[in-house]
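>>> sequence first, predicted coordinates after that:
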Amino acid sequence: MSEAMAANPLGDSLLNFSIDLYKQLVSESGRSGNVFYSPFSISAALSMALAGARNTTATQLTEVLHVKSNDIHKHFSGFLSKLSGFAPDVKLHVANRMYSEQTFPVLESYLSLLRDSYGATIESVDFKAQYEKVRQQVNAWVEEATESKIKDLLPPGSVDSLTSLILVNAIYFKGLWSSQFDPKSTHRSDFHLDSKNKKEVDMMYQKNDYKMSRSDELGVTALEIP
């Protein structure tokens, strides 16, 4: 997490949300598989949903996101506006888009908030008669936004004629290690799947000093590689 994010309430809420989500994902996977996710991306999509929510739904979303007010939109706006300047040598692109059923009434104030705070683009589409075409449009947009790294985000059957709204967040990252790994140092070694099973895989290797942290609560060890 960047220093700029950690220094504001967005960083605090995102950290707590990330931990909660990690626990849930690990619980569902039964610790039998790898868990890979982008808490920032998921949080951004839920925050966009929060902007249009009221009453019980709004309360539930604020609790899940660990936020106390609609200030979260202001914090996202500030962070996204500065994102490109955090690391000029890193390619980081965040894209948000809303697909709305053309007959579904959406308040202009909500659309304005999405545009101003999240840089979101708005697409009015025909889910009722062309839901499969819309699904393909969403997948094509995500594939383009992530430079073909994410394909077929929405599988067949995930969108139908009853769909009214789709909020999409796509994030693309490409960067180099400050201290790069030498391919010549890669060697075969055992990767432990669990306490009993292991598999021989290619292991990158380098010797250096890095920051490391352990969380007994989460049962994880974190290593920071700049």
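Noted; the coordinates are in hand. Just so you know, these numbers come straight off a predicted model, no measurement behind them. Numbers count the residues shown, from 1 in each chain.
>>> could you say what helices and strands the longest helix belonging to the chain packs with?
Among the elements of the chain assigned as helix by DSSP state H, the one spanning the most residues is helix 9-29. Contact analysis of helix 9-29 by 3 or more Cβ pairs under 8 Å, 6 or more residues apart in numbering; DSSP states H and E lists helix 39-51, helix 55-65, helix 71-86 as its packing neighbours. For glycine as for every other residue, the C-beta is placed from the backbone atoms N, C-alpha and C.
>>> give me that answer again for 6 Å
Helices and strands touching helix 9-29, by 3 or more Cβ pairs under 6 Å, 6 or more residues apart in numbering; DSSP states H and E, are helix 39-51, helix 71-86.
>>> out of those, which is closest to P155?
Distances from P155 to each of the helices and strands packed on helix 9-29 were compared using Cβ to Cβ; the shortest belongs to helix 39-51, at 17.6 Å.
>>> which strands or helices does that closest one pack on?
The helices and strands touching helix 39-51, judged by 3+ Cβ pairs under 6 Å, 6+ apart, are helix 9-29, helix 71-86, helix 108-118, strand 165-174.
>>> hang on, the earlier thing: looking at the helices and strands packed on helix 9-29, which has the lowest confidence?
Out of those, the stretch the model trusts least by mean pLDDT is helix 71-86, with a mean of 84.
>>> tell me which residues are up against the helix or strand that that one is followed by.
For helix 71-86, the following helix or strand on the C-terminal side (DSSP states H and E) is strand 91-101. Taking Cβ atoms under 6 Å, 6 or more residues apart in numbering as the criterion, the residues outside strand 91-101 that touch it are 106, 118, 120-125, 127, 145, 164-174.
>>> please look at L154 and R135 and confirm they touch.
Yes. Here L154 lies in contact with R135, judged by Cβ atoms under 6 Å, at a distance of 5.0 Å.
>>> so for those two, which sits in the more crowded spot?
Counting neighbours by other Cβ atoms under 10 Å for L154 and for R135 shows that R135 has the greater number, 23 against 17.
>>> how about that one, secondary structure?
Classification of R135 using DSSP: H, G, I helix; E, B strand; the rest coil returns helix.
>>> how much space separates it from E200?
As judged by Cβ to Cβ, to the nearest Å, R135 and E200 stand 40 Å apart.
>>> just for the protein, where's the confidence low?
Judged by pLDDT under 70, the chain has its weakly predicted residues at 1-8, 29-33, 84-85.
>>> mind giving me the domain ranges of it?
With automatic domain parsing serving as the domain definition, the record reports that the chain contains domains spanning 1-86, 88-175, 183-224.
>>> in CSV, list the C-alpha atoms belonging to stretch 19-38.
The C-alpha coordinates for stretch 19-38 follow below in CSV (Å, rounded to 0.1, in the frame of the first residue of the first chain):
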residue,chain,number,x,y,z
ILE,A,19,-8.4,-8.5,5.9
ASP,A,20,-12.1,-9.4,6.2
LEU,A,21,-12.2,-10.4,2.5
TYR,A,22,-9.0,-12.5,2.9
LYS,A,23,-10.5,-14.4,5.8
GLN,A,24,-13.7,-15.1,3.9
LEU,A,25,-11.8,-16.3,0.8
VAL,A,26,-9.5,-18.5,2.8
SER,A,27,-12.4,-20.0,4.7
GLU,A,28,-14.3,-20.8,1.4
SER,A,29,-11.2,-22.3,-0.2
GLY,A,30,-10.5,-24.4,2.8
ARG,A,31,-6.8,-23.4,2.6
SER,A,32,-6.5,-26.0,-0.2
GLY,A,33,-5.8,-23.5,-3.0
ASN,A,34,-4.1,-20.2,-3.8
VAL,A,35,-6.0,-17.0,-3.1
PHE,A,36,-5.3,-14.1,-5.4
TYR,A,37,-7.5,-10.9,-5.5
SER,A,38,-7.4,-7.2,-5.7
